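> Sequence first, then the predicted structure, then my questions.
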Amino acid sequence: MKTNTLHNALHVVFDLDDTLYAELDYVKSSFAFLAGIISNSYGSGDCENLVTELLELRRLGLSNPISALWDRLKLPESGLPEAVAAMRGHRPQIEPRDGVIDFLNILRQADVKYSILTDGRSLTQRQKIAALGLGDAAHIYISAERGVSKPAIEAFAQIVQDQPSIEKFVYVADNPSKDFVAPNQMDWLTIMLKDDGHHIHKQDLSLPMPMLPRISVKSFKELPQIFGFASTLFPGSQDASGTAASAP
Ligand SMILES: [Mg+2]
């Protein structure tokens with residue numbers, strides 16, 4: 001695959017949550033935002049302690065830690081929906097995972113366009129994308145805006161329709177239960193970012209083969225080599241032949 005022809009041939013699509021950034025960081029950011037509301041609007045408790053309590057309630061498996069905390073603090077029921085809506089629209093404190101920006105820069109340099117395909121609420125997902133600095137994505141596909149969620153094949157088919165000249169599509173994502181079955185069926189290259197132990201959704205690798213990714217990587221730093229980009233373009237990647245200079 002020659003770099004100078006890649007822009008005609010390749011389009012890379014990324015999942016958002018737990019792929020481009022760590023979703024647990026979004027949970028923490030949301031809890032901190034909500035704790036700020038509780039502390040500022042209701043004068044209840046110290047923000048840091050509230051976040052710790054919310055994280056603990058979540059760790060214990062409560063389906064709605066926020067509502068549980070709201071009840072414990074005896075806050076007015078009527079304020080909860082507004083606080084949750086504000087939280088869902090907040091600009092989160094999240095960062096791209098290691099290697100994401102370097103890899104995107106390589107794609108930009110090669111004039112390969114990328115898109116984001118994610119399930120979730122419109123404003124919530126768009127705030128995350130803005131916080132990550134990924135506003136230059138060619139297309140952003142969000143389930144709530146389209147009325148179609150993964151694993152439906154329609155979620156992916158639109159991407160192909162929108163870019164008829166592309167020969168090869170790639171989906172980089174993290175959740176085998178819904179991310180890979182449709183793009184596998186459409187003969188996309190599917191790549192899974194392995195759980196580092198902190199992912200929100202556990203990766204079930206005992207699922208049937210059609211649901212599993214074609215390739216798994218531990219980090220975005222492995223991606224340039226998979227696509228045949230020179231490792232010299234990517235300072236973080238390991239090039240076996242590049243270590244000779246330090247040999248005695
Ligand atoms: Mg995900």
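Structure's in. What do you need?
> ok, now how distant is residue 200 from residue 182?
21 Å (Cβ to Cβ, to the nearest Å). For every residue, glycine as well, the C-beta is placed using N, CA and C.
> Show the model's pLDDT score for the nearest residue to residue 41 once chain neighbours are set aside.
Nearest in space to residue 41, with sequence neighbours left out and distances taken as Cβ to Cβ, 6 or more residues apart in numbering, is residue 79 at 7.2 Å. For residue 79, the model assigns a pLDDT of 96.
> what's the neighbour count on residue 79?
Residues lying near residue 79 (other Cβ atoms under 10 Å) number 14.
> can I assume it is in contact with residue 44?
No. Residue 79 is not in contact with residue 44 according to Cβ atoms under 8 Å; the separation is 11.0 Å.
> Wasn't the residue nearest to residue 41 part of a helix?
Yes. Per DSSP: H, G, I helix; E, B strand; the rest coil, residue 79 lies within a helix segment.
> need the helices for the chain, in chain order.
Using DSSP state H, the helices found in the chain span residues 6-9, 23-42, 47-59, 65-72, 80-88, 100-109, 122-131, 143-146, 153-162, 181-185, 223-226.
> circling back to that earlier point, please say which of residue 200 and residue 182 ends up with more neighbours.
With neighbours defined as other Cβ under 10 Å, residue 200 and residue 182 compare such that residue 182 has more, 21 against 14.
> care to break the protein down by domain?
Domain ranges of the chain: 6-22+94-233, 24-88, per automatic domain parsing.
> looking at it, residue 181 is touching residue 210, isn't it?
Yes. If you go by Cβ under 8 Å, residue 181 and residue 210 touch, sitting 5.6 Å apart.
> Need the winner for burial among the domains of the chain.
Stretch with highest mean neighbour count among the domains of the chain: domain 6-22+94-233 (a mean of 17; mean count of other Cβ atoms under 10 Å).
> about what we covered before: and the helices of the chain, which one is worst for confidence?
Among those, helix 6-9 carries the lowest mean pLDDT, at a mean of 68.
> give the contact list for the nearest residue to residue 201 once chain neighbours are set aside.
Nearest residue to residue 201, sequence neighbours excluded (Cβ to Cβ, 6+ apart): residue 175, at 5.0 Å. Taking Cβ atoms under 8 Å, 6 or more residues apart in numbering as the contact definition, residue 175 lies against 15, 18, 201, 203.
> Lovely, talk soon.
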